[in-house]
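> only geometry, no sequence info:
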């Protein structure tokens, strides 16, 4: 069964950058569309970005990250990245990556069968 592990979270000042990684084990990521999701304190989980299995297409689920967050993948390393720039306090959340057997990005988080444990991102001065 596919296992996902996120890393790269931490405390950063507003305007700063972080790069999150989502690494797979026990199975290759190459067949899966991968999504990044986040859950802020006291709020529901929301989708952030998604990338197709080939890396040829991406989808943005949250308009507030457009132009600031970027998703990429390296299938040879079984890793997907979330580059977050110009971070804002509103980006504070636990960030999760998830895998969907579909090769293309779908909009319903229930389509994502495998989830990591999450990594905390805190944006604060």
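Yep, that arrived. As the structure is a prediction and not an experimental result, all values here were calculated from the model.

> didn't residue 30 look like it was pressed against residue 55?
No: judged on CB atoms under 8 Å, residue 30 makes no contact with residue 55 at a distance of 9.6 Å. Every C-beta, even on glycine, is put in place using the N, C-alpha and C of the backbone.

> shared neighbours of those two, anything?
residue 75 (CB atoms under 8 Å, 6 or more residues apart in numbering).

> and the residue nearest the centre of the protein?
residue 36 (2.3 Å; CA atoms, centre = their mean).

> in which helix or strand would I find it?
Following DSSP states H and E, one finds residue 36 within strand 33-39.

> what mean pLDDT does that strand get?
Averaging pLDDT along strand 33-39 gives 98.

> quick check: closest non-adjacent residue to residue 32.
residue 99 (4.0 Å; CB to CB, 6 or more residues apart in numbering).

> just residue 82 next, same as before
residue 20 (4.2 Å).

> doesn't residue 79 make contact with that neighbour?
No: Residue 20 sits out of contact with residue 79 when judged by CB under 8 Å, with a separation of 10.4 Å.
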